[in-house]
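Enquirer: have a look at this prediction, sequence included:
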Amino acid sequence: MNRKQFEKRSYLFASSIIILAVETGIMLYVWFWHYNTGIPKAFYFWGHVFIAAVYFIMLLFASAMYGGLKIGSFRMIELTLSQGFATIITNVLFYGIICLLSYRFPTVVPLIIGMIVQFFMVGLWIIAATMLYRTFFPPIDVLLVYGGNSQDTILEKFATRRHQFKVTRSMSVSEDIDEINEEIKKHEAVMLWDIPNEVRNSVFKSCYESDVDIYVSPKIMDIVLKGSQNLHLFDTPLLYTKSDPVEAEQRMVKRLFDIVLAVIMIVITSPIMLVTAICVKACDGGSVFYRQVRCTRGMKEFEIIKFRSMVEHAEGDGVARLAARNDDRITPVGRVIRKLRIDEIPQLFNVLKGDMSFVGPRPERPEFIREYSEKMPEFSYRTKVVAGITGYAQVYGKYNTRPYDKLKLDLYYIENFSVWLDLRLLILTVKTLFMIGSAEGVTEAAVQPHSDKEADE
């Protein structure tokens, strides 16, 4: 770790401790003056220390989960939303603890007032900490080495992270390799994007030898190998990749979890489904539900169920197409339920039936799978697990993320599956529902399949 990295980590650690301590102090004040006296046996000094420690740990866990402490990585609006969710989740759990200690349901007014003060302090902290971070740590000077004609697409992605990266030069992989290796030494970091393996290995070694940070856009097989197990059968390291990434025991636990949660969610959301059904029917007199053939594990076809958000026979011409921005096929009620994700609720019955899981790659239509597989044969790898309502691509991507990038995200989930990862993605999905752009329609470019065939050769 060089000096700059040490300074950056120290700053992030110190700024994180400050906001966690401030939020904990605010809630400790609320506890001391409003709730401590209401429990059967009031706490004293060490009891208050214990309460503060419990609250601090819960807030730290929630903040780390939602990324609320990632100063310099997230934009201010993302940080505000992330830390706001972490604060809400922590205070809900804290109120539960208070109820258990009080043997009753005490008023939530002091807690809400304290939370408002917390939000105000979080906002001040985000502005101050971010501005100081950008003053002390300017964007990283990056050399982009790219393959094919993807330069414009890559630079568009970097434009959304100007506060983190500054691409000072772009070089095509077709340029002289010696010139690329010489240019590497002039930059803080190098981004390798869809370049052939033999060239990538040479550039990677040059970066490593020159102590230059390396960012790599992985290929499909890179992600599969990342999920491999390390074996030491001989005196040579081995990587073992299973043909079926999810163990039978894991499938049983996942299925049991899906059934229990689906039943609970159906009961909780039944009033919302009833109101939505009435609104959809009253809007144009058409059918309430919309059924569409999708594919799940092993390319098995099933009918996904949604509340109808488009006009009847939206694809009357027989041509399958994704919803576009400002699509005139979407009804007035449909715009609301799509924005709030209410149209997805009936998929709980798909989960209960076993066609879907709560977490997994989103189920695609057979015609889209055939279309994408023509240029991306690996696209069918997504069907190695049961399709899901939410997934890695939904949390870390957007609705209009390119199919090739969604494939990478889904494969990362498949190769790194665990019950803990499922729980984490479910928690993060709550935040994603409120992120701008996660429910946008697609543009023409976004639906075009992308292949790394040339890059793999």
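Expert: The structure has been received and is ready for your questions. Numbers count the residues shown, from 1 in each chain.

Enquirer: leaving out the residues flanking it, which one is nearest to the residue nearest the centre of the chain?
Expert: Nearest residue to the geometric centre of the chain (CA atoms, centre = their mean): residue 395, 2.5 Å. Nearest in space to residue 395, with sequence neighbours left out and distances taken as CB to CB, 6 or more residues apart in numbering, is residue 428 at 4.8 Å. Bear in mind the C-beta positions are built from the backbone N, C-alpha and C, glycine included.

Enquirer: per-residue confidence for that neighbour?
Expert: On pLDDT, residue 428 comes in at 86.

Enquirer: what about it, distance to residue 68?
Expert: Shown here: residue 428 relative to residue 68, a distance of 12 Å by CB to CB, to the nearest Å.

Enquirer: same check, this time on residue 228
Expert: From residue 228 to residue 68 the distance is 32 Å (CB to CB).

Enquirer: so what's residue 307 up against?
Expert: 273, 276, 277, 280, 288, 289, 290, 337, 342, 343, 345, 346 (CB atoms under 8 Å, 6 or more residues apart in numbering).

Enquirer: give me the phi and psi for the fifth one.
Expert: Spelled out, that is residue 288. Dihedral pair for residue 288: phi -80, psi -40, per degrees, to the nearest 10.

Enquirer: how about the one 4 residues further on?
Expert: Recorded main-chain torsions at residue 292 are phi -150, psi 140, according to degrees, to the nearest 10.

Enquirer: nearest residue to it in space, please, no chain neighbours.
Expert: Per CB to CB, 6+ apart, closest to residue 292 is residue 304, 5.4 Å.

Enquirer: that neighbour contacts residue 351, correct?
Expert: No. Under the criterion of CB atoms under 8 Å, residue 304 is not in contact with residue 351, lying 10.8 Å apart.

Enquirer: the residue nearest to residue 395 is in what secondary structure piece?
Expert: Using DSSP states H and E, residue 428 sits within helix 419-432.

Enquirer: buried ones in that helix?
Expert: 422, 425, 426, 428, 429, 431, 432 (16 or more other CB atoms under 10 Å).

Enquirer: which one of those residues is nearest residue 5?
Expert: Of all the buried residues of helix 419-432, residue 5 sits closest to residue 428, with 26.6 Å by CB to CB.

Enquirer: what's near enough to touch that closest one?
Expert: For residue 428, counting by CB under 8 Å, 6+ apart, the contacting residues are 65, 66, 395.

Enquirer: again, only using 10 Å
Expert: 65, 66, 67, 82, 85, 390, 392, 394, 395, 396 (CB atoms under 10 Å, 6 or more residues apart in numbering).

Enquirer: can you tell me which of the residues you listed are in helices?
Expert: Of these, the ones assigned to helices by DSSP state H are 65, 66, 82, 85, 392, 394, 395, 396.

Enquirer: out of these, who's nearest residue 161?
Expert: residue 396 (14.0 Å).

Enquirer: hang on, that closest one packs against residue 432?
Expert: Yes. Counting by CB atoms under 10 Å, residue 396 touches residue 432, with 8.7 Å between them.

Enquirer: what do the two both touch?
Expert: Common neighbours of residue 396 and residue 432 (CB under 10 Å, 6+ apart) are residue 425.

Enquirer: number of residues surrounding residue 2?
Expert: Counted with other CB atoms under 10 Å, the burial measure for residue 2 works out to 9 neighbours.

Enquirer: ok, it to residue 293 distance?
Expert: 54 Å.

Enquirer: same check, this time on residue 401
Expert: According to CB to CB, residue 401 stands 23 Å off from residue 293.

Enquirer: swap in residue 128?
Expert: Residue 128 is 53 Å from residue 293, by CB to CB.

Enquirer: what do you get for residue 392?
Expert: 24 Å.

Enquirer: my guess is residue 429 contacts residue 389. True?
Expert: Yes. Residue 429 lies in contact with residue 389 (CB under 10 Å); the separation is 8.5 Å.

Enquirer: ramachandran angles for residue 191?
Expert: Residue torsions, per degrees, to the nearest 10, at residue 191 are phi -110, psi 120.

Enquirer: quick one: residue 75 from residue 130, how far?
Expert: Residue 75 is 9 Å from residue 130, by CB to CB.

Enquirer: same question, residue 36
Expert: Going from residue 36 to residue 130 by CB to CB gives 35 Å.

Enquirer: try residue 198
Expert: Residue 198 is 41 Å from residue 130, by CB to CB.

Enquirer: also residue 401?
Expert: 26 Å.

Enquirer: shaky segments in this structure?
Expert: Along the chain, segments meeting pLDDT under 70 span 1, 314-326, 399-400, 434-457.

Enquirer: on the three-state scheme, residue 350 is what?
Expert: helix (DSSP: H, G, I helix; E, B strand; the rest coil).

Enquirer: hang on, it packs against residue 292?
Expert: No. Residue 350 lies out of contact with residue 292 (CB under 10 Å); the separation is 11.1 Å.

Enquirer: more neighbours, those two?
Expert: Per other CB under 10 Å, whichever of residue 350 and residue 292 has more neighbours is residue 350, with 23 against 13.

Enquirer: show me what contacts the residue nearest to the more buried one when sequence neighbours are not counted?
Expert: With sequence-adjacent residues excluded and distances taken as CB to CB, 6+ apart, residue 350 is closest to residue 356, at 4.2 Å. Neighbouring residues of residue 356 by CB under 10 Å, 6+ apart: 258, 262, 294, 296-297, 302, 304-305, 347-350, 362-363, 386-389.

Enquirer: residue 392 now?
Expert: Here residue 392 is in contact with 359-361, 406, 408-414, 416-417, 421, 424-425, 428 (CB under 10 Å, 6+ apart).

Enquirer: please, which helix or strand holds the closest residue to it other than its chain neighbours?
Expert: Leaving aside its chain neighbours, residue 392 sits nearest to residue 413 (3.7 Å; criterion: CB to CB, 6+ apart). Taking DSSP H and E as the definition, residue 413 sits inside helix 403-415.

Enquirer: spit out the residues that contact residue 350 and residue 292 alike.
Expert: With contacts defined as CB under 10 Å, 6+ apart, the residues shared by residue 350 and residue 292 are 302, 303, 304, 305, 306, 363.

Enquirer: in a strand, the fifth one, correct?
Expert: Yes. Assigned with three-state DSSP, residue 306 falls within a strand.

Enquirer: please point out which parts of stretch 42-60 sit buried.
Expert: 43, 51, 52, 55, 56, 58, 59, 60.

Enquirer: out of the residues you listed, list just those in strands.
Expert: Counting by DSSP state E, these place none of their members in strands.

Enquirer: got CSV for those, with distance to residue 124 too?
Expert: Below are the buried residues of stretch 42-60 laid out as CSV (distance: CB to CB, whole Å):
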residue, distance to residue 124
43, 30
51, 25
52, 21
55, 20
56, 20
58, 22
59, 17
60, 20
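
Enquirer: of those residues, which is the nearest to residue 111?
Expert: residue 55 (11.6 Å).

Enquirer: hang on, the closest one packs against residue 111?
Expert: No. Applying CB under 10 Å, one finds residue 55 not in contact with residue 111, separated by 11.6 Å.

Enquirer: common neighbours of those two, please.
Expert: 27, 31, 91, 94.
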